[in-house]
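> return atomic coordinates for the entry below.
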Amino acid sequence: MKLALIGHRGVGKTTLVNQLKSELEGFTCFDLDAEIESINNIKIEDIFLNSGEAEFRKLESEAFHGLAVGRENIIISCGAGFQTEIPDDFIVIWVRRPTDKMGRIFLNRPRLNPNVSALEEYQSRFNERELRYKNTSDLQITLPESDYNFAPLLIYNLGLKKTHTDASFSITVLPEMLKSKNFDRFKVYLDLNIKYFELRDDLLTRGQIEDCLKKIPKESVLLSVRKENSFLCELINKQGYKYDWALELGEPPFKKKGFLSLHKLDDLTPEQLIKKLERFEKKGFQIKLSLLLENLSSLLFWHKWWFKERESRSFLPRSQEGRFNWYRKIFSMKMPLNYMREGQGSALDQPTFFDIINFKPNHFSFGAVIGDPIFHSRTPIEHKIFFENRDTSVVAIQCAKDELSIDLLSELKEMGLSFLAVTSPLKNKMYDLLSEAGCGLTPVSKKLKSVNTAVFTRTGSFATNTDVEGLKVLLSGAKGRSVAVWGGGGTLSAILGELPQACAYSARTGQLRGGAQNAPTFSPDIIIWAIGRSQMSGCHWPPENWRPSKVIDLNYTADSPGIEYAQKTKAHYTSGLKMFETQATAQQEYYLKLNSF
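Next up is the predicted model:
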């Protein structure tokens, strides 16, 4: 077997290929950039600087073919801009992360276009590379945000080793899943106890569906009718295939009972839709409701509808950006019909292969991180082992500030939410809500008027703030130094508690909020960067005359403006990852202290 890993800059291809070295016996693993440097005795950065990108691509192509020819059982990790045609005997794996679209900034990699910012450089090439990866790849694998060892995930996905899952799942077959000649995904998923391969007439041609029917056992086929006068109707009537009929097409034309699905409300009120669905339920049909929803209140309404008849109903909410992925991870695995996805799948809300193989049965108690944005969060993986050892799952819930309310929290608790990590921009509002509700708050959360950790038990609700623990570690080298805080939000009071000499500036106005100095000539030695990329719209950059020697970033995402500012000022950069890891450990200690497992 020959594998080539492709994907965007910073997605983790090099890390993954190094992990595969220790997981797979009999395979030789190469990082292409490292091989180029070794063969030519020159750094990649110097090739770009002295000879340009065209020369680098030439050396890249030569190095790839030198590694590929005459070898078996080989894995090559390719650079983000790799353009060489990959031989047909390779399985090409597109490594993806949810944060790919955010962009990434690097302080230790060659610039391709120094005339624009590093983030603009990444984004200017994003769409073209996405299309190339899609057209080139045989398999897409989506990794959660973390440095976790994902090598076993790829090994299971390729069928090189078998694994087990307690989840009952289906997958929608997409055209891009049928082009590989070297990878039999049908066998891999059948070995993993898949329930159905869904064949949709609006996604696949008649010829593609007929080819699939030759490869898939009949009992594992679900024919989904999405078009009027579909050729699938004849197959369902004459050969007895299981089906999913879209109610948007009208009454189902089959005698045999199957799944009926609905994907939009049209002009019906929710109450009218429920009555319509009940008519079909009384006839013995199973209902799949897959509405495109915009907010958590709509999700909670339809969750209650599902829960009343959960043995015969499937509620699979959809969103434009995949914000209900958390719900489907927790609940859809318990439904008669549910789906996982490869790559983007047919809906971003569908659980991934990673979610499927890590599914734990009978979970109606779960932990979550809540905030907006949230898809970049490392919390689910950081807490994964901790919660798994206590038979609990942890997910990421996207919640806008205006959605957060005590009623929402009450409904989430009814659904099983027991442990909560709170991130921006909800920390101060969470404090206000829990304080008004009379919850048990620790002295530190009261002092900061900010909550980042909450526990909901049968005896009550309790909350604290562990950011201080993380800040103590992150800011330990800044004590007694000339410091400016840029931004701050819900962590500002905690920062100033650690560094009382610091001057705090509003990123929104660029003006001093309070502190020891405000002279026009003031130029701090250290800047604490405390504003994320999503909040930068309408915000100011620090004054041009500032020349800090160090930027300490409270963010840990690779698109952080703090990295961009450090690059611009040539300052030493420290990520907020250590702060995150420290406060996460303190959160776990708080969970255990309350004996809530």
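
> residue contacts, the residue most central in space within the chain?
The residue lying closest to the centre of the chain (CA atoms, centre = their mean) is Pro98, at 4.0 Å. Pro98 is in contact with Thr142, Pro144, Glu145, Gly322, Phe375, His376, counting by CB atoms under 8 Å, 6 or more residues apart in numbering. Heads up, the C-betas are built off the backbone N, CA and C, glycines and all.

> mind putting these into CSV with secondary structure?
Rendered in CSV, the data for the contacts of Pro98 read as follows (DSSP: H, G, I helix; E, B strand; the rest coil):
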residue, secondary structure
Thr142, strand
Pro144, coil
Glu145, coil
Gly322, coil
Phe375, coil
His376, coil
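
> which among the residues you listed count as buried?
Neighbour counting by 16 or more other CB atoms under 10 Å classes Thr142, Pro144, Glu145, Gly322, Phe375, His376 among these as buried.

> can you give me the distance of the first one to Trp94?
Computed as CB to CB, to the nearest Å, the Thr142 to Trp94 distance reads 9 Å.

> got it, and the last one?
Distance of His376 to Trp94, given as CB to CB: 20 Å.

> do the same with the fourth one
Gly322 sits 17 Å away from Trp94, going by CB to CB.

> show me how far stretch 10-29 is from its chain's centre.
Computed by CA atoms, centre = their mean, to the nearest Å, the separation of stretch 10-29 from the middle of its chain amounts to 21 Å.

> list the buried ones in it?
When burial is assessed from 16+ other CB under 10 Å, stretch 10-29 yields the following buried residues: 10-17, 19-20, 24, 27, 29.

> output it as CSV, nothing but the C-alphas.
Presented in CSV, the C-alpha positions along stretch 10-29 are these (Å, rounded to 0.1, in the frame of the first residue of the first chain):
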residue,chain,number,x,y,z
GLY,A,10,-0.4,23.5,9.6
VAL,A,11,-3.1,20.9,9.5
GLY,A,12,-0.8,18.3,11.0
LYS,A,13,0.5,16.1,8.2
THR,A,14,4.0,16.0,9.4
THR,A,15,2.9,15.2,13.0
LEU,A,16,0.6,12.5,11.6
VAL,A,17,3.2,10.8,9.4
ASN,A,18,5.6,10.8,12.4
GLN,A,19,2.9,9.1,14.5
LEU,A,20,2.3,6.6,11.8
LYS,A,21,6.0,5.6,12.0
SER,A,22,5.5,4.1,15.5
GLU,A,23,2.0,2.7,14.8
LEU,A,24,2.6,0.8,11.5
GLU,A,25,5.1,-2.0,11.1
GLY,A,26,6.5,-2.6,7.7
PHE,A,27,5.8,0.9,6.4
THR,A,28,8.4,3.6,5.5
CYS,A,29,7.3,7.1,6.3
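
> can you tell me the average pLDDT over it?
When pLDDT is averaged over stretch 10-29, the result is 93.

> again with stretch 280-289
96.

> ok, and what's touching it?
If you take CB under 8 Å, 6+ apart as the criterion, stretch 280-289 is touched by 244, 247, 252, 257-262, 277, 302, 305-306, 309, 312-316, 336-337.

> among the residues you listed, the buried ones, what's the ChimeraX command?
Typed into ChimeraX, the line below selects the buried ones among the contacts of stretch 280-289, using 16+ other CB under 10 Å:
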select :244,247,252,258,259,260,261,262,277,302,305,306,313,314,315,316,337
